[in-house]
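Participant: This is the structure alone, sequence omitted:
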């Protein structure tokens, strides 16, 4: 009998053993997983993970999951995403090293920066959120902060917001009184118009488009053409950036490259990021040509893109006086920073505004005092809103905004990687260990706040008996009579690594 014939005869036997072999492999994998888990370095309290998924099956709402884990396990605990262990800190004194804002910080790297997915997306050597190159990260951060904190730029933001909100008021007047407004949509459109205007200097007319969609056919108006090509597509691609980043972090390269379904999703996501990058590159190049063709007497537009294009060039009138930051930003760095500013600003700021409005309307005494301050210091004098008036004239309004950000923070979770071996929370950890800080818990921790569950803006006023300890708070005209349609209902929002308002009427 030939070897081939013998082998063919054995095939049925081999096939019959495959289920047993597969079962044995799975059992051995599970046993090996839990042997490593039981013998892990510095065991901390936390939920027992499952092989492959870790604790992901319990994390449909990340914020509520981590809050529940804090209540059960205390200020220091661990959890798993797939096979990756995370250390979570819920007190400022424990998280001091992680929160250090310094170029020498051991925790400047975001947790996802070490993933192959972010490497594949090109996020690990430019911009801020995924940059692993310390010197480039620090330069990008320093130059971006320099642009964002320019006095001219901040004053321009106030002017743009005031102009656009006046536009919103006119739309509401046309729609009539005593109507139920989907506030999240209005604020989203307002924020899109604001963000695009202050970042690129261009208009999207998101407010006009949304208002027009609410009118009956006979009253619909012709709309001005957006200066950004296909602005709705642009905004949707910007907002999808965070989803793309999460997908490429959580889904393994094997699934993204070879498994049908997962591969197609990854390809579509890469196309979206490619389109967004190309569109922002076009916008940046057009503005660069405009700046190059400006005469010496022309004044530079006050928008973030113009400031980033001219920083540390001959057209920069506010140069940084430091030899560390002498070079301009590259085109790739500018485009990546634009993506991060847009993706980190549109939904988060919209949600923060919605959360604030919700709490103002929920507490009538707070609302009355806030409106009284605005009436007394703004409208009674017949003056317009200005940057200086915001800074000096509205302490209670500022306190309300801070208290809303304390009670329901938009971005509660910060997770960084240790660049080198380090000691945190009394334990020594190896380089590459993900360490997280939950500001959602810190903002309501009884060690730092009196009556933490109460909405009490007075705690942020000067002279208040409550002392706000350092690093325990990290948030981020005639008027309409606004009332909550259903005051007894809780505000609707969804959580992942940020809290996003989904409905407010």
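Facilitator: Here it is on my side, so go on. As the structure is a computational prediction, the values presented were derived from the model and not from experiment. Numbers count the residues shown, from 1 in each chain.

Participant: Quick check: bridge partners of residue 79?
Facilitator: Going by DSSP bridges, residue 79 is paired in beta bridges with residue 86.

Participant: tell me the contacts of it?
Facilitator: Residues near residue 79 by C-beta atoms under 8 Å, 6 or more residues apart in numbering: 46, 47, 49, 54, 55, 65, 66, 69, 85, 86, 88. Every C-beta, even on glycine, is put in place using the N, C-alpha and C of the backbone.

Participant: next one: residue 94
Facilitator: Contacts for residue 94 were tallied using C-beta under 8 Å, 6+ apart; they are 75, 76, 424, 425.

Participant: pLDDT at it, what is it?
Facilitator: Residue 94 carries a pLDDT value of 91.

Participant: same question, residue 90
Facilitator: Note on residue 90: pLDDT of 95.

Participant: likewise residue 137?
Facilitator: Confidence at residue 137, expressed as pLDDT, is 87.

Participant: Over to residue 498?
Facilitator: Confidence at residue 498, expressed as pLDDT, is 44.

Participant: swap in the one 5 residues further on?
Facilitator: We have a pLDDT of 49 for residue 503.

Participant: Show me which helix or strand of this protein is least confident by mean pLDDT.
Facilitator: Ranked by mean pLDDT, DSSP states H and E, the weakest helix or strand in the chain is strand 492-495, scoring a mean of 45.

Participant: so where's the stretch 301-450 of the chain shaky on pLDDT?
Facilitator: For the stretch 301-450 of the chain, the stretches flagged by pLDDT under 70 are 321-325, 379-385, 387-388, 391.

Participant: could you pull out the helices for it?
Facilitator: Assigned by DSSP state H, counting those that start in this stretch, the stretch 301-450 of the chain shows helices spanning 304-310, 331-362, 364-377, 387-393, 395-407, 439-442.

Participant: Which secondary structure elements does the second one sit against?
Facilitator: Helix 331-362 is packed against helix 134-148, helix 183-200, helix 231-250, helix 262-292, helix 304-310, helix 364-377, helix 395-407, strand 499-503, with contacts defined by 3 or more C-beta pairs under 8 Å, 6 or more residues apart in numbering; DSSP states H and E.

Participant: which strands and helices sit next to the fifth one?
Facilitator: In terms of contacts (3+ C-beta pairs under 8 Å, 6+ apart), helix 304-310 is packed against helix 134-148, helix 183-200, helix 262-292, helix 331-362.

Participant: Please apply the same query to the second one.
Facilitator: In this structure, helix 183-200 packs against helix 151-175, helix 206-214, helix 231-250, helix 304-310, helix 331-362, strand 499-503, with contacts taken as 3+ C-beta pairs under 8 Å, 6+ apart.

Participant: coming back round to it: so which of the helices of the stretch 301-450 of the chain gets nearest residue 195?
Facilitator: Closest approach to residue 195 among the helices of the stretch 301-450 of the chain is made by helix 331-362 (5.4 Å; C-beta to C-beta).

Participant: The closest one to helix 231-250, inter-axis angle?
Facilitator: Per axes from the mean of the first three to the mean of the last three C-alpha atoms, to 10 degrees, the angle that helix 331-362 makes with helix 231-250 is 100 degrees.

Participant: May I see the buried residues of helix 331-362?
Facilitator: Residues 333-361 are the ones in helix 331-362 that count as buried (16 or more other C-beta atoms under 10 Å).

Participant: for stretch 280-290, same thing?
Facilitator: Buried residues in stretch 280-290 (16+ other C-beta under 10 Å): 280, 283, 284, 287, 288.

Participant: which residues sit against it?
Facilitator: Residues from elsewhere that reach stretch 280-290, judged by C-beta under 8 Å, 6+ apart: 200, 201, 202, 228, 305, 306, 309, 331, 334, 335, 338, 339.

Participant: Could you measure from the third one over to residue 193?
Facilitator: In other words, residue 202. Remark: distance between residue 202 and residue 193 (C-beta to C-beta, to the nearest Å) = 10 Å.

Participant: Those two: which is more packed in?
Facilitator: Neighbours per residue (other C-beta atoms under 10 Å) separate residue 202 from residue 193, with residue 193 holding more: 25 against 16.

Participant: What pLDDT does the model give that one?
Facilitator: For residue 193, the pLDDT comes out at 91.

Participant: residues in contact with it?
Facilitator: By C-beta under 8 Å, 6+ apart, the residues touching residue 193 are 164, 203, 204, 205, 206, 207.

Participant: what's the distance between it and residue 441?
Facilitator: Residue 193 is 35 Å from residue 441, by C-beta to C-beta.

Participant: cool, and residue 452?
Facilitator: According to C-beta to C-beta, residue 452 and residue 441 sit 10 Å apart.

Participant: ok, the two, which is more surrounded?
Facilitator: Just comparing residue 452 and residue 441: by other C-beta under 10 Å the higher neighbour count belongs to residue 441, 22 against 17.

Participant: my read: that one touches residue 68, true?
Facilitator: No: the criterion here is C-beta atoms under 8 Å, and residue 441 misses it with residue 68 at 10.7 Å.

Participant: quick one: contacts for the nearest residue to residue 311 once chain neighbours are set aside?
Facilitator: Counting by C-beta to C-beta, 6 or more residues apart in numbering, residue 143 is the residue found nearest to residue 311 once chain neighbours are left out, at 5.5 Å. Neighbour list for residue 143: 308, 311, 312, 320, 325, 329 [criterion: C-beta under 8 Å, 6+ apart].

Participant: do the same with residue 328
Facilitator: Contacts were defined as C-beta under 8 Å, 6+ apart; by that measure residue 328 touches 309, 310, 311, 312, 313.

Participant: Buried ones among these?
Facilitator: Buried subset of the contacts of residue 328 (neighbour count, 16+ other C-beta under 10 Å): 309, 310, 311.
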